[in-house]
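A.B. asks: A predicted structure for the sequence below; I have some questions about it.
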2 protein chains.
Amino acid sequence: MKSFDPPRRILMGPGPSDVSPRVLAALSRPTVGHLDPAFQGLMEEIKDALSRLMNAPGYACLPLPAPGTAGMEAAIMNLLEPGDVAAVAVNGQFGERMVDMAGRAGAEVLRIEHDWGTPVDAQKVADALKGRKVKTLGFVHAETSTGALSDPGPLCAIAREAGALTIVDCVTSLGGVPVDAAGWGADVIYSGTQKCLSAPPGLSPFAMSPRAREAVAGRKEKARNWLLDMGLIMSYWGGEGGRTYHHTAPINALYGLHEALVVIEEEGLAAAHARHRAMHEALVAGLEAAGLSLLVAPGHRLPQLNAVKVPDGIDEAQVRSRMLAKYSLEIGAGLGPLKGQIWRIGLMGASATPWHVRLCLTALTEALAAQNYPDAGKAALAAAEARLG
Amino acid sequence: MKSFDPPRRILMGPGPSDVSPRVLAALSRPTVGHLDPAFQGLMEEIKDALSRLMNAPGYACLPLPAPGTAGMEAAIMNLLEPGDVAAVAVNGQFGERMVDMAGRAGAEVLRIEHDWGTPVDAQKVADALKGRKVKTLGFVHAETSTGALSDPGPLCAIAREAGALTIVDCVTSLGGVPVDAAGWGADVIYSGTQKCLSAPPGLSPFAMSPRAREAVAGRKEKARNWLLDMGLIMSYWGGEGGRTYHHTAPINALYGLHEALVVIEEEGLAAAHARHRAMHEALVAGLEAAGLSLLVAPGHRLPQLNAVKVPDGIDEAQVRSRMLAKYSLEIGAGLGPLKGQIWRIGLMGASATPWHVRLCLTALTEALAAQNYPDAGKAALAAAEARLG
């Protein structure tokens, strides 16, 4: 067994995205104890930065010590009790996952079905909730499996009207498009670190409204999860009464998240959103010039995750392998019903730059040409370049 | 908000322990995708190394993507179903935690009570299990809250006799004292990375016997936990049928664990155990020369975690603060009923060296002398030195 020397990749799949050298460097700073006064200062800074990033003033904000899915599980296991009705809008893989988890929480699940690749439809949700006593409405802001962006504001309003708490999956949205917990009136939102925050995977930023905290405090039985019990985790992260031991925080991973948050604040959130949008527009111009088309209709596309339809006659896996082998550039495959139908091209965080757009178009068109697809490299680059200015 | 520059500490509490520069460096290697062929090679190496480290041939071995407690929760949530009886031997904080979790899994809990600081008693366990239909027996190999070491072999034999599966908490033992899953006949064992493995906190090495896997496969209902559903996680880590997407693995944290496993294999496991034992003997000689005594009786003491009684009239918190402020050296406090009664001095992994022993004795005796305790620095160091050779 020898030390592992990973290849250097360009990460343009659905996550992880490229991690910048300064965030990588932060990971290797000396480990301190999780009860160290210096570490407690770091925790406070992270909580405050997350609250700003998610526009969640007055919410309990903290990063959970496990990958993005932990946020989904914490939301569901803490808000739902056996017998509750959990409405879930399903328009992709991650809504599907919410359904599975809600069942494990003992809830009765009310599925609100959508085609994959479409956004969540407010009218459908309103119709489904009408006259029902529903505890939670869960949906995905940015569906990583399809690249569709939904509009949380109207959905949260419908839920509030129906007396339901909202669970909004912001794993792929946070840092790439505006996330506005307070503006939407969302109750729980959560994210991951390996998407538009460009830190390594392993943590789940989480925010919970005062209304959701009340609901958790008023549970009849304990949550079906100790590690993600929000009452215990919030005490560990420090409330009015100081800190109470729970788990041991993943110290070095939190150094990385902290540095990633500093990077975003230095750039400015509005500038980061504009950059994601601009890179998306350049990429799409290039893709279209190459004769490729996107799965999601204009107006509902995520800038940071582009689902590109695989042309007829093309072996999609071979395209990805060739891009990885020749350019060390990773893009993603389709999931579930979209397997073999799409590629997923991420422009997230540190991977949303002009040179990522150029390299991806170069590598993709070259790999297509190798399968007798018309060589569109020059046209694609020219179209992108016109957008990049 | 500025980049975080942590102080350099000497970590001799109950974990995290010191992380060596080469493990810290591994954390900052470039992030690759979790589906990258190179990363899959790393996963295989980690699984194999864990299997050797825990002597768990034929077990499913892998690191869970969350701190050590995730191992406990995965064991309990996967093995237990509502209505099952879960026997738990409680001799400290972590047995107590198992009781809490087993209740959340819907199990009826059979507590087998012990005084804190004593090992688990085989006769007590045999008596408690007699004539009962029990699904699992859980206990802690190395109680981090007290420093007591229990003997898993006889306990696993009793459980097997009673038809129960065993859950053995090896969070603090793995790498410091022998962990022998196959020799004990244990069904599930789990650990943490931040103790004797000296990687940062955040992952939980986990092993499951074929018998336990069968039990999980035969469940009547889904586990009350999606993130830690072992069926899903084992598919993600690759079985006969390849890999199935579940979460996104914490890539860089796994680089750190891999490097820590290389470090242990280079030293040799037997040598690592002997080193922990030798440092413990030197530390205890020094502590005793300073007039201090240990909570746990000789013969049941963990080399890597030393629970030292606080002398009468000493403000224990002030001793720890002074050691941290003057020597940047961290030791731990007591938990639960032992709060204020003991210090916990860790000699784990990279923190189990002669210089750690010397610095700790120096700092501790100096801090005691500052509270009018007789100055025993010289005597303590001389006694330790005689053992260090």
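C.D. replies: Okay, I see it.
A.B. asks: mind listing the strands for the stretch 51-200 of chain A?
C.D. replies: Here the stretch 51-200 of chain A has its strands, by DSSP state E, counting those that start in this stretch, at A:60-64, A:85-90, A:108-113, A:136-140, A:142-143, A:148-149, A:165-169, A:188-190.
A.B. asks: The last one near chain B anywhere?
C.D. replies: Meaning strand A:188-190. No. Strand A:188-190 lies out of reach of chain B by Cβ under 8 Å from any Cβ of the partner chain, never closer than 12.4 Å. Where C-beta positions appear, they are placed from N, C-alpha and C, glycine not excepted.
A.B. asks: and if you look at the third one?
C.D. replies: No. Using Cβ under 8 Å from any Cβ as the criterion, no contacts between strand A:108-113 and chain B are found, and the smallest distance is 12.8 Å.
A.B. asks: Tell me which residues of that strand come out buried.
C.D. replies: Residues of strand A:108-113 classed as buried: A:109-112 (neighbour count, 16 or more other Cβ atoms under 10 Å in any protein chain shown).
A.B. asks: What parts of the stretch 101-250 of chain A come near chain B?
C.D. replies: A:101, A:103-105, A:192, A:194, A:200-202, A:222-228, A:245, A:247-250.
A.B. asks: ok, the residue lying closest to A:Leu174 once chain neighbours are set aside - how many residues close by?
C.D. replies: Closest residue in space to A:Leu174, ignoring its immediate chain neighbours: A:Ser191 at 3.9 Å, by Cβ to Cβ, 6 or more residues apart in numbering or on different chains. By other Cβ atoms under 10 Å in any protein chain shown, the residues close to A:Ser191 number 30.
A.B. asks: And A:Ser191, how close does it get to A:Leu283?
C.D. replies: Distance of A:Ser191 to A:Leu283, computed by Cβ to Cβ, to the nearest Å: 23 Å.
A.B. asks: Go ahead and confirm A:Ala369 touches A:Ala380.
C.D. replies: No. Look at A:Ala369 against A:Ala380 with Cβ atoms under 8 Å: they stay out of range, at 10.9 Å.
A.B. asks: Out of the buried residues of strand A:108-113, which comes closest to chain B?
C.D. replies: A:Val109 (12.8 Å; Cβ to the nearest Cβ).
A.B. asks: wouldn't that closest one be in contact with A:Val99 here?
C.D. replies: Yes. Applying Cβ under 8 Å as the test, A:Val109 and A:Val99 come out as touching, 5.3 Å apart.
A.B. asks: which residues do those two both contact?
C.D. replies: A:Val88 (Cβ atoms under 8 Å, 6 or more residues apart in numbering or on different chains).
A.B. asks: can you give me the helices for chain A?
C.D. replies: Assigned by DSSP state H, the helices in chain A fall at A:21-27, A:37-53, A:69-79, A:93-104, A:122-129, A:152-161, A:181-184, A:210-217, A:230-236, A:251-267, A:269-289, A:316-327, A:354-369, A:377-388.
A.B. asks: anything in the third one near chain B?
C.D. replies: Yes. Against chain B, helix A:69-79 shows contacts by Cβ under 8 Å from any Cβ at A:69-70, A:73.
A.B. asks: Identify the residues contacting the closest residue to chain B within the stretch 251-389 of chain A.
C.D. replies: For the stretch 251-389 of chain A, the residue closest to chain B is A:Asn252, as judged by Cβ to the nearest Cβ, at 4.1 Å. Each residue near A:Asn252 by Cβ under 8 Å, 6+ apart is listed here: A:27-29, A:31, B:19, B:24, B:27, B:200, B:202, B:253, B:256.
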